[in-house]
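K.L.:
Have a look; sequence and predicted model below, questions after that.
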Amino acid sequence: MERLRNPREFSFVYKKGTPCFGRYVVVSALPNGKTASRVGFAVSKKLGTAVTRNKVRRRLKAIVQELTNQFSPGYDVVIGAKRSAVGASFADLKGDLRCTLKRSGLLEGAAGSAGSGEEHA
RNA sequence: UGAGUGAACCGGGUGAUCGCGAAGGGUUGCCCUUUGAGGAAAGUCCGAGCUCCGCAGGGCAGGAUGCUGGGUAACACCCAGUGGAGGCGACUCUAAGGCUAGUGCCACAGAAACAUACCGCCCUGGUUGAGUUCUCUCUGCCAGGGUAAGGGUGAAACGGUGAGGUAAGAGCUCACCAGCGGUUAGGUGACUAAUCGGCUAGGUAAACCCCAUCCGGAGCAAGGUCAAAUAGGAAAGGAGAGGCUGCCCGUCUCGUUUGACUUUCGGGUUGACCGCAGGAGGCUUUAGGCAACUAAAGUCCCAGAUAGAUGAUCAUCCACGACAGAACUCGGCUUAUAGGUUCACUCAGACC
């Protein structure tokens, strides 16, 4: 999955995109007119020290890696971590992110997933 | 065995699956190999390297350091010692130059906090009364004076203890102790020891200050190369503007008909590469040194990102994993840190 790197692209997605809030994450998405989707991660200093922020970002990256094949094409997506994500387990974080992405309409072919029990309201 | 002191070190391991950064190779949308955070990477508190600022000059101001000797590129760091404080001890702590250069401050209490007499003690004169009546003694009051022994206050009261001495007292005299100054001896030195002297000097410099030594500024977003793009703009002010830490001197650069510089408006870039990983580098041995450290030889190459690379899941073992993530690079300091290992030493008890 291609990464979103430029700071201008980040602010563009924040400004024009539609946010969707989950329990641990905030997902902002914007159609980019390309064939592939790109993903960026936003982990602010509010979450804690560098070690804590690294851990949250790496977990988010690992989850996105698993879901790469299910992503709808043609979107720029920014995944922001909320402060509650620090104490969440990997399984909780995974379920919340999948649920939030699905509500944003960014996941397709989710039927292949066996994890229906991980859904959060 | 128990209690303790001081150093050094480790900071979850192993295997499997899916992924990430860098380098190299095969060779082109992929595959393979190697490698990939810390003792503090942290705080950014000191010291340097490196880079730039038309080279850094003088004075004033300012800052830093502050027992001695050594180490180092340098330091506020380290090592070895000296003095002081604490501990039975191993050992630990110490901003530790100068209040006899000057000035300031010393709350409350107390008479007095730098020179002072509140109570007390003593003397002299006057006077009242009593004893006695030669003149002296005692008591009270008043005036003048002596006195820092005793009381009380305080963190601190003008050396301490003892003896002599005195009207009462006092380094007034003597002995010892403390402190000060000189001489001699030892030590590179801080200082120590002995001896002599006059007998006395409150504390505070983490109060101003004085003395000695040192200090140019800004920082890798330093700085440089390439590419791209627009423009070599317009208007107003204009004789001075800028650099060398702040001020002054001094000096340099640009400019005053070829318009420096300032303000406003308008236009453009907001990329890639170098710096950027071979270094005051690590390890081993030998030599010098009490040590910090230095020298020589051998050997090793050990992160280099730029929205920022180490994760997720499972199995298994145990003491069930703390603090915590490189961003130009080193040397230190400080702070955080679950648990564990090793060595040396001290004290107490038992046994021999």
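P.N.:
The structure has been received and is ready for your questions.
K.L.:
Tell me which other helices or strands the host helix or strand of A:R98 touches.
P.N.:
If you go by DSSP states H and E, A:R98 is part of helix A:90-103. When contacts are defined as 3 or more C-beta pairs under 8 Å, 6 or more residues apart in numbering; DSSP states H and E, helix A:90-103 sits against strand A:18-21, strand A:25-31, helix A:50-67. For glycine as for every other residue, the C-beta is placed from the backbone atoms N, C-alpha and C.
K.L.:
switch to 7 Å and redo it
P.N.:
Helices and strands touching helix A:90-103, by 3 or more C-beta pairs under 7 Å, 6 or more residues apart in numbering; DSSP states H and E, are strand A:25-31, helix A:50-67.
K.L.:
could you dump these to CSV with mean pLDDT and mean neighbour count?
P.N.:
Converted to CSV, the helices and strands packed on helix A:90-103 look like this (pLDDT from 0 to 100; neighbours: other C-beta atoms under 10 Å):
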stretch, mean pLDDT, mean neighbour count
strand A:25-31, 84, 19
helix A:50-67, 83, 15
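K.L.:
pLDDT weak spots in chain A?
P.N.:
Counting by pLDDT under 70, chain A shows low-confidence ranges at A:1, A:5-8, A:33-35, A:108-121.
K.L.:
How about the residues of it by RNA strand B?
P.N.:
Chain A has residues A:3-7, A:10-11, A:40-42, A:49-51, A:54-55, A:57-59, A:61-62, A:65, A:89-91 near RNA strand B, with proximity defined as C-beta under 7 Å from any atom of the strand.
K.L.:
can you pull the contacts of the most centrally placed residue in chain A?
P.N.:
Centrality entry for chain A: nearest residue to the mean C-alpha point is A:I79, 3.7 Å, by C-alpha atoms, centre = their mean. A:I79 sits next to A:25, A:27, A:39, A:41, A:60 when contact means C-beta atoms under 7 Å, 6 or more residues apart in numbering.
K.L.:
from the chain's centre, how far out does the strand or helix carrying A:V77 sit?
P.N.:
Assigned by DSSP H and E, A:V77 belongs to strand A:75-81. Its chain's C-alpha centre and that of strand A:75-81 lie 5 Å apart, by C-alpha atoms, centre = their mean, to the nearest Å.
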